[in-house]
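Participant: coords please:
(4 chains)
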Protein chains: 2
Amino acid sequence: MRADAARNREKVLVAARELFAEQGFDVPLDEIAAKAGVGPGTVYRHFPTKQALFQAVTEARVSAMIASAEPSADAGADLFAFLGKMADEATAKRDMSDAIAVPSELRDSLHATLGGLLARAQEAGAVRGDITTRDLVALMKGMLQSMHEGANPAVLLQIVLSGLQSSRKP
Amino acid sequence: MRADAARNREKVLVAARELFAEQGFDVPLDEIAAKAGVGPGTVYRHFPTKQALFQAVTEARVSAMIASAEPSADAGADLFAFLGKMADEATAKRDMSDAIAVPSELRDSLHATLGGLLARAQEAGAVRGDITTRDLVALMKGMLQSMHEGANPAVLLQIVLSGLQSSRKP
DNA sequence: TGCCAACCGGGGCGTGCGTTCCGTATCTTG
DNA sequence: CAAGATACGGAACGCACGCCCCGGTTGGCA
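Facilitator: Sure thing, here's the model as predicted:
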């Protein structure tokens, strides 16, 4: 790989990191290219599609988060800690709210991790049993998006956490 | 107003009602026109913008819902009943989830109604006091959207309702 | 240093959407 | 029934976006 190619690839990644964090996945690719001081064509020579670029940018952080989900003695606390971590990330950077929604292997891993944590928490009786992984993912997706619309992230998280714990209504 | 004009206006409203209910606000306007057996231009002669058509379609049901929010002795039950009604509507028709988001006077009225119910429920001590109207609206928006993504609407609603009731965490 | 391959920029293509325009058809009134 | 106002249809416009292509440039190896 030529030196300038590597340099440009890096410039694109830096610009994408910043803009995805600010505006989420919906930021136009031309804007990323412009911020990187590069033409759109150059972006596509390094990343075959916009999703691929997004995945490259979010990979490190999401993988780290997934890796941090190690089971402890308290399965309920594990799940809640993970959800809290996701909420924190999403509060600071707009791209975490999209990482759970934009199609990619990373997203699937994230969903799988959530499913595993949920199942263990339910076995331990810390979370109501009638919740599916789909429910949890949908709930989190809605919550993460809401955080960028003026709502109080901490309050939203607390509502969701205590809602998960409540026993089934008659 | 000419007779055929009135007839076409009605055909557009019928088609829009059905398609907005099925696919939400994002349905292309050309599709509505096609289903009504009419050209796109005709739609615009009766409704100045897509939002106006959407408002005309949802006005009746949303207004009825707002009107049904009459205060009783139990302010907490009033709020929960209203949220339940919204959830039911959104489960059946995709357009209710958008009515809370698409800019219009109707949306503002809906938000105001939610704010009023929330305030009374908080005074009565039925709902935690650190929730703002913005929080509630964001929460509902996320929940309503999630209902069309495979999640179980009843479970989602119960999570939100019990989350609202929980007292503040330390 | 010279040459060739690799790479670059950005104009351009295809698509989908909301909206507008205008020649034509249709309805109503006298 | 005729004339004028009114409404119609759908082609066309403007815009935004993801993505591709090509003439020109640049970097690394011999």
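
Participant: could you give me the average pLDDT of the top helix by length along chain A?
Facilitator: As assigned by DSSP state H, the longest helix anywhere in chain A is helix A:3-23. The average pLDDT within helix A:3-23 is 98.

Participant: buried ones in that helix?
Facilitator: Using 16 or more other C-beta atoms under 10 Å in any protein chain shown as the test for burial, helix A:3-23 gives A:8-9, A:11-13, A:15-21, A:23. Placement of C-beta: from N, CA and C, glycine included.

Participant: what's it packed up against?
Facilitator: helix A:29-35, helix A:40-46, helix A:50-67, helix A:95-99 (3 or more C-beta pairs under 8 Å, 6 or more residues apart in numbering or on different chains; DSSP states H and E).

Participant: nearest to DNA strand C, of these?
Facilitator: helix A:40-46 (1.6 Å; C-beta to the nearest atom of the strand).

Participant: Hmm, A:Lys141 is touching A:Ile100, no?
Facilitator: Yes. Between A:Lys141 and A:Ile100 there is a contact under C-beta atoms under 8 Å: 5.4 Å.

Participant: any idea how far A:Ala6 lies from A:His46?
Facilitator: Taking C-beta to C-beta, to the nearest Å as the measure, A:Ala6 falls 10 Å from A:His46.

Participant: Oops, could you answer that again for A:Gln23 instead?
Facilitator: Look at A:Gln23 and A:His46: by C-beta to C-beta, they are 21 Å apart.

Participant: which regions of chain A sit below the pLDDT cut-off?
Facilitator: Applying pLDDT under 70 to chain A picks out residues A:167-170.

Participant: Tell me the residues of it that contact DNA strand C?
Facilitator: A:1-2, A:4-5, A:8-9, A:37-42, A:45-46 (C-beta under 7 Å from any atom of the strand).

Participant: Go again with 6 Å.
Facilitator: By the rule C-beta under 6 Å from any atom of the strand, the part of chain A lying against DNA strand C is A:Met1, A:Arg2, A:Asp4, A:Ala5, A:Asn8, A:Val38, A:Gly39, A:Pro40, A:Gly41, A:Thr42, A:Arg45.

Participant: just the buried residues of helix A:3-23 now: which is nearest chain B?
Facilitator: Distance to chain B, by C-beta to the nearest C-beta, is smallest for A:Gln23 among these, at 18.4 Å.

Participant: May I have the phi/psi pair for the residue lying closest to that closest one once chain neighbours are set aside?
Facilitator: In space, and not counting its chain neighbours, A:Gln23 is closest to A:Arg94: 6.2 Å by C-beta to C-beta, 6 or more residues apart in numbering or on different chains. Per-residue torsions, A:Arg94: phi -70, psi -20 (degrees, to the nearest 10).

Participant: The helices and strands packed on helix A:3-23: which one's closest to B:Ala121?
Facilitator: helix A:95-99 (28.4 Å; C-beta to C-beta).

Participant: Residues contacting that closest one, please?
Facilitator: Contact with helix A:95-99 is made by A:20-21, A:24-25, A:54, A:57-58, A:61-62, A:86, A:89-90, A:106-107, A:110, A:141, A:144-145, A:147-148, as judged by C-beta atoms under 8 Å, 6 or more residues apart in numbering or on different chains.

Participant: hmm, the very next helix or strand once past that helix in reach of chain B?
Facilitator: Once the chain leaves helix A:95-99, the next helix or strand it forms, by DSSP states H and E, is helix A:105-123. No. Using C-beta under 8 Å from any C-beta of the partner chain, helix A:105-123 never reaches chain B; the gap is at least 11.8 Å.

Participant: can you give me the angle the helix or strand following helix A:105-123 makes with helix B:133-146?
Facilitator: Once the chain leaves helix A:105-123, the next helix or strand it forms, by DSSP H and E, is helix A:133-146. Between helix A:133-146 and helix B:133-146, the angle comes out at 140 degrees (axes from the mean of the first three to the mean of the last three C-alpha atoms, to 10 degrees).

Participant: Packing partners of helix A:133-146?
Facilitator: Looks like helix A:133-146 contacts helix A:75-92, helix A:95-99, helix A:105-123, helix A:153-165, helix B:133-146, helix B:153-165 (3+ C-beta pairs under 8 Å, 6+ apart).

Participant: then the fifth one to PDB, C-alphas only?
Facilitator: As requested, C-alpha coordinates have been extracted for helix B:133-146 and formatted as PDB (Å, rounded to 0.1, in the frame of the first residue of the first chain):
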ATOM      1  CA  THR B 133     -42.700  16.300  29.500                       C
ATOM      2  CA  ARG B 134     -39.800  16.000  27.100                       C
ATOM      3  CA  ASP B 135     -38.700  12.800  28.800                       C
ATOM      4  CA  LEU B 136     -42.100  11.300  28.600                       C
ATOM      5  CA  VAL B 137     -42.600  12.300  24.900                       C
ATOM      6  CA  ALA B 138     -39.200  10.900  24.000                       C
ATOM      7  CA  LEU B 139     -39.900   7.700  25.900                       C
ATOM      8  CA  MET B 140     -43.300   7.300  24.100                       C
ATOM      9  CA  LYS B 141     -41.900   8.100  20.700                       C
ATOM     10  CA  GLY B 142     -39.300   5.400  21.100                       C
ATOM     11  CA  MET B 143     -41.800   2.900  22.500                       C
ATOM     12  CA  LEU B 144     -44.300   3.500  19.700                       C
ATOM     13  CA  GLN B 145     -41.700   3.100  17.000                       C
ATOM     14  CA  SER B 146     -40.400   0.000  18.600                       C
END
